[in-house]
Each structure stands twice: as structure tokens, then as C-alpha cells.
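A.B. asks: here's my sequence, what's the structure:
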Amino acid sequence: MLHTARTRLRPWQPADAPALLALMQNDQPRFSPYFPKTLAAVHYAASATVFVEQKRREWDARQAFQLGIWLPDDPRCAGWISLKSLEWTVPKAELAYLLAGWAEGQGLLAEVGPAVLHWAFTGLGLTRIYCRVNPTNTRSIRLVERLGFQREGLLRQDFRSGTGELADCCLYGLLAADFLAQTEETA
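C.D. replies: Model (predicted):
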């Protein structure tokens, strides 16, 4: 569906369930603090199939849009990026993403992010996208700031981590007008 110089992004397909399961299993310790619900939902082959089917239903109902990130000629899933918690009355959504350990440090999310944001603002008509980032996740903070998001505040004890602890989240926001003006300046 979306292409960048090095990636292909598309909604989950039924055949993607094994690659999704491998992604979640291989990086379980890394994902556990930040994605406990996804890990709980994708923990064996049948559950990965159910997860993919659920994400496809959410896509069709325009409730959430999750795109797998794929590199050409690589059967492994490099990660995913999603727009979730959509509120069409505003319209706005939350941006969430994860990358496989082997795909980190290559600038993939910095490449994928602008393509997804452009699609969200121009194709879906969203006016606002926000992110919740753990304050200790400096790589993610650098990424969202690089994408043009502005820090809007700290949400104290806003998220239950995989260890059961309540964690703070930094709230970042990006408006369509700001993003589109920024991309016009760099074009």
C-alpha cells in the first residue's frame, strides 16, 4: 500500500501471521514493557492468525490502521506502525510503532514515519496525530521530535507496563497544518 525507498508497508494479510508471531516471540523481552497487550494477543500460531484477522476487521471498519513493515526480498517482518484510537469527530488518532531488534538503528521508522503521516493527513483527513512515549525511551523521543511532533505534556501513571507497574508517558502531538507546512518547506 505505501512504499518508501527501502520498505513496503501494507495491512496485514492472512499469510503474515507466522512472520508476526516470529517478530513478537524473537523480541519478547524488548517488547514486554511497552506492548504487553500485543504480546498477550500474539503468543502462538492460532493467536497470531486471530490477531491478523482482528486488525483486518478494524481496518475495514476504519477503527484502526496497522501496517506491517517489510523490506524487499526479506520474508521477515521488520515491525509495524499503526494509527489507533481513532476519533473521527475531531478527527485524530494515536501513532504507535515497533521494530524488530534486527531492524533497529537503520533509520527505518524515520523513513516510514513521514509516508504514514502524509497518508494519514492527506488520505484519511486526520487533523491531529499524537504519540505516548515512555520518558526513558530516548530513541523514540528523538524519532517523534524528528518527525515534527511537539511535546505537549507528561501523563503520570498513564500506562500499565508488562511488569504490571504504572508508567508515565510523554504526550507528543502533531497537527496536519504543521506537518504539511513542514513538508512543503523541505520539498
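
A.B. asks: ok, which stretches of the chain are strands?
C.D. replies: Along the chain, counting by DSSP state E, strands occupy 2-3, 8-11, 65-70, 77-87, 92-99, 128-133, 150-160, 166-175.

A.B. asks: quick one: closest of these to residue 35.
C.D. replies: In terms of Cβ to Cβ, the element of the strands of the chain nearest to residue 35 is strand 92-99, at 6.2 Å. For the C-beta atoms, the positions are set from N, CA and C on the backbone; glycine is no exception.

A.B. asks: low-confidence stretches in this protein?
C.D. replies: Filtered on pLDDT under 70, the chain yields the residue ranges 187.

A.B. asks: identify the single longest helix in it, thanks.
C.D. replies: Selection of the longest helix in the chain by residue count, based on DSSP state H, yields helix 45-60.

A.B. asks: packing partners of it?
C.D. replies: Where contact means 3 or more Cβ pairs under 8 Å, 6 or more residues apart in numbering; DSSP states H and E, helix 45-60 is packed against strand 8-11, helix 17-26, helix 36-41, strand 65-70.

A.B. asks: tell me the buried residues in that helix?
C.D. replies: For helix 45-60, the neighbour count (16 or more other Cβ atoms under 10 Å) marks 47, 48, 49, 51, 52, 55, 58, 59 as buried.

A.B. asks: quick one, what contacts the fifth one?
C.D. replies: Remark: with contacts taken as Cβ atoms under 8 Å, 6 or more residues apart in numbering, residue 52 is in contact with 12, 13, 14, 16, 17, 20.

A.B. asks: before we move on, back to that, just say which of the helices and strands packed on helix 45-60 is most tucked in.
C.D. replies: Greatest average neighbour count among the helices and strands packed on helix 45-60 goes to strand 65-70 (a mean of 23), per mean count of other Cβ atoms under 10 Å.

A.B. asks: on that earlier part again, angle of the longest helix of the chain against helix 17-26?
C.D. replies: 110 degrees (axes from the mean of the first three to the mean of the last three Cα atoms, to 10 degrees).

A.B. asks: how far away from the center of its chain is helix 45-60?
C.D. replies: 16 Å (Cα atoms, centre = their mean, to the nearest Å).

A.B. asks: got the CA coordinates for it in CSV?
C.D. replies: C-alpha atoms of helix 45-60 as CSV (Å, rounded to 0.1, in the frame of the first residue of the first chain):
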residue,chain,number,x,y,z
ALA,A,45,0.2,-19.6,15.8
ALA,A,46,-3.5,-19.6,16.1
SER,A,47,-3.5,-16.4,18.2
ALA,A,48,-1.3,-14.7,15.5
THR,A,49,-3.9,-15.6,12.9
VAL,A,50,-6.7,-14.2,15.1
PHE,A,51,-4.7,-11.0,15.7
VAL,A,52,-4.2,-10.5,11.9
GLU,A,53,-8.0,-11.1,11.3
GLN,A,54,-8.9,-8.6,14.0
LYS,A,55,-6.6,-6.0,12.6
ARG,A,56,-8.1,-6.5,9.1
ARG,A,57,-11.6,-6.1,10.6
GLU,A,58,-10.5,-2.9,12.4
TRP,A,59,-9.1,-1.6,9.1
ASP,A,60,-12.3,-2.4,7.2
